[in-house]
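Visitor: Give the three-dimensional model of this entry:
(one chain, ligands or ions: 2)
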Amino acid sequence: MTLKLGVPSKGRLMEKTFDWFAGHGVNIRRTGSDREYAGAVDGIEGVDLVLLSAGEIPRELVAGRIHLGVTGSDLVQERIADWENRVAALEPMGFGEADLVIAVPRCWVDVDTLDDLDAAAAAFRAAHGHRLRIATKYHRLVREFLREAGVADYQLVDSQGATEGTVKNLTAEAIADITSTGDTLRANHLKILSDGLIHRSQATLFKSRTADWDDAARASFRALSRRLGLDS
Ligand SMILES: Nc1ncnc2c1ncn2[C@@H]1O[C@H](COP(=O)(O)OP(=O)(O)OP(=O)(O)O)[C@@H](O)[C@H]1O
Ligand SMILES: O=P(O)(O)OC[C@H]1O[C@H](OP(=O)(O)OP(=O)(O)O)[C@H](O)[C@@H]1O
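Guide: Ligands and ions are numbered 1, 2, ... in the order given. Next up is the predicted model:
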């Protein structure tokens, strides 16, 4: 079967993904009109380009519908349970960098660390009768991180966007979200806990461990790896 390479077809990671492949000697390109989700890989036999949203690439890797895929490491680790057994991170690509962090209101002068958050959470529950709420779309990563840190007295509330606004809107007391420049956190009067870095993300080339790797797919993968310099 052909080797299927999934790349972001829109959003933050798309252009830099195309540039990264070009910079590594592999020309991938969209075919058809701007609106058509079709693409090609020049010069390597048996490789199909699959254009997808970055958020869907983890699922497609696990389902085995693509052999290789480019997406943020945060999205893979959040969306795939036991991700290391289902995909392999082949190459960090040096763009799409963002930190997943826990942040609290700047005016919480006594809360700078996870231990402080733990104490504040217990006090919050005693005072309000419900658990301190942390808004996020990264449920798996936040739960694992807080469990390892020994913070238990909280609840997650789902926020699929504008997460930093939830504190002002009184739907959460703290947040866990991606930050790159820090502007959105600052504008919303939030500060990152000093030990509140959950994951340092960047665009990464992943390989599916669950796809059907027949001889043809393997041969195309070897050719692509050589061109990309992944063997060295
Ligand atoms: N400032 C930022 N804010 C959010 N994500 C960022 C930022 N900088 C880099 N990223 C990364 O970009 C990736 C998400 O890209 P993007 O928002 O284009 O994809 P998506 O979630 O599939 O969105 P859509 O469904 O709208 O295409 C994530 O891996 C994320 O870590
Ligand atoms: O540190 P900064 O450079 O300010 O970037 C961080 C912001 O960018 C992202 O939001 P996005 O633009 O994807 O919108 P969203 O709120 O809909 O997720 C992210 O969720 C933060 O809100």
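Visitor: Could you find the closest non-adjacent residue to the residue in the chain positioned nearest to ligand 1?
Guide: The minimum distance from the chain to ligand 1, using Cβ to the nearest ligand atom, falls at Gly72 (1.8 Å). (Each C-beta comes from the backbone N, C-alpha and C, glycine too.) Leaving aside its sequence neighbours, Gly72 sits nearest to Ser201 (Cβ to Cβ, 6 or more residues apart in numbering; 5.0 Å).
Visitor: Just want the phi and psi numbers for Val104.
Guide: Backbone torsions for Val104, taken as degrees, to the nearest 10, come to phi -130, psi 170.
Visitor: Not counting sequence-adjacent ones, nearest residue to Glu91?
Guide: Glu91 sits nearest to Leu205 (Cβ to Cβ, 6+ apart), 4.4 Å away.
Visitor: what helix or strand does the one you found sit in?
Guide: Per DSSP states H and E, Leu205 falls inside strand 203-208.
Visitor: Now do the contacts for Leu132.
Guide: When contacts are counted by Cβ atoms under 8 Å, 6 or more residues apart in numbering, Leu132 touches 120-121, 124-125, 153-155, 173-174.
Visitor: try Gly6
Guide: Contacts of Gly6 by Cβ under 8 Å, 6+ apart are 50-52, 57, 60-61, 66, 68-71.
Visitor: and if you look at Tyr138?
Guide: Listed by Cβ under 8 Å, 6+ apart, the contact partners of Tyr138 are 74, 78, 100, 176-177, 198.
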